[in-house]
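Asks: from the sequence below, what's the structure:
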Amino acid sequence: MKISKFIKQNEKYALDNNKESAAVILLLEHILNMSPTELFINMENEISDEDMNRFNTEFDKYINHNIPIQHIIGYSTFYGYDFIVNDDVLIPRRETEELVENILYRYDQYFKGQKIDVCDLCSGSGNIAVTLSCEEPNMNVYGTDISPEAIEVAKKNNEKLGGNVKFLVGDMLEPVKGMKFDIFISNPPYIPQVQEVDSLVKDNEPNIALFGGEDGLKFYRIILSGVKDLIKDKAMICFEHGYEMRESLHKIIKENLGDDVKIETLKDLEGKDRMTFIYVGDFKW
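Replies: The predicted structure follows:
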C-alpha cells in the first residue's frame, strides 16, 4: 500500500474514533524515521508490511487505550526541538511556542543582546526554559517546578538539547527567593477546577500541572503577589493564560504592581487572548 493511502485510511480511522488525525503523521514519521519533508517526498512509495504492523500496534494504544501519541513515541517537538515527555510532565502545546517566539522578539527589541537573567516558573518538561537557553545564549536561565519528577525530565532535556538551564525544585517563587531577574515567565496551571477536560489529557498528564484553582487564576495571584521583590528595576513578566482570563488577569496585575506598569495582551494564531506581557520600569515605546 502507498504511504499516502495508508495515511488517509488511518486519518479516517482516527476521526471515526474521536481522535486527532494529526496523530497519524506524528507516529508514521517516528516509525519510518523520516522528517516531515522526507515523508512528503516519499508519499507515493510503498509502506512495508513490517512498518505497517509496527504502526498498527502503536496506533492501537492511542485509539483504544487512550495513550497520547507523544507518550508512545517518547517525545514532543517544540520550537524545532524534540523534548522528552512522559506522564510526569505536560505535553508542550503550539500556543506556548508563540509565547517563546514573542519573548525572543521582545528580548531583541528591549534588551538588545545584553546578558540578562531569566526565570521560568512551572517549567514542566523544560520546553520554555531550554528553548530560550538554546536560542539565546545571552540569557542566563533558571527553571523551577514543584515536581521533582518533572525537574528530572527537564534536566534530561536540557542535557540532550544542549541548553544551559539551572533547574530547581520548589513551590512557585520559593526556589529563587533572594534573586533578581530581568524576565520572569510562567505558563502555570490555569484550567478552572470545575472545567471538563478531555480524558486523553486528564488521564495521562499530571493534574497538578493542569488545574489552577476554582477560577484558574490561583497561581497568577501567587506569582504577582511575590514577584515584585524578585525583579530588577527594568523587567518583563510574561504569562500564558486561558483566552477568557484577560480582564481578570489585568485586574490582578494592577492590584499587585500598581498602575505604572504597561500591560500588553497578545492573541494566538486562532485570534484568542493567550499571552500577557507586563513591562516594569524604563521601556521605550
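Asks: not counting sequence-adjacent ones, nearest residue to Ile7?
Replies: Here the nearest residue to Ile7 in space, its sequence neighbours aside, is Val24; by C-beta to C-beta, 6 or more residues apart in numbering that works out to 5.7 Å. Where you see a C-beta, it was placed from the backbone N, CA and C, and this is true even at glycine.
Asks: for the one you found, give me its contacts.
Replies: Going by C-beta atoms under 8 Å, 6 or more residues apart in numbering, Val24 touches 7, 10-11, 14, 59.
Asks: roughly how far apart are it and Asp229?
Replies: Val24 sits 49 Å away from Asp229, going by C-beta to C-beta, to the nearest Å.
Asks: ditto for Glu149
Replies: Glu149 sits 29 Å away from Asp229 when distances are taken as C-beta to C-beta.
Asks: what does Glu247 give?
Replies: If you measure Glu247 against Asp229 using C-beta to C-beta, the figure is 26 Å.
Asks: how about the helices in the stretch 51-200 of the chain?
Replies: 69-73, 94-110, 127-135, 148-161, 199-202 (DSSP state H, counting those that start in this stretch).
Asks: would TSV of those helices with distance to Lys2, mean neighbour count and mean pLDDT be doable?
Replies: Shown next, in TSV, are the helices of the stretch 51-200 of the chain (distance: least, C-beta to C-beta, whole Å; neighbours: other C-beta atoms under 10 Å; pLDDT from 0 to 100):
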stretch	distance to Lys2	mean neighbour count	mean pLDDT
helix 69-73	22	20	94
helix 94-110	29	17	95
helix 127-135	35	26	98
helix 148-161	35	19	97
helix 199-202	29	13	54
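Asks: Lys267 is nearest to which of the ones you listed?
Replies: Using C-beta to C-beta as the criterion, the shortest distance between Lys267 and the helices of the stretch 51-200 of the chain is 9.2 Å, found for helix 94-110.
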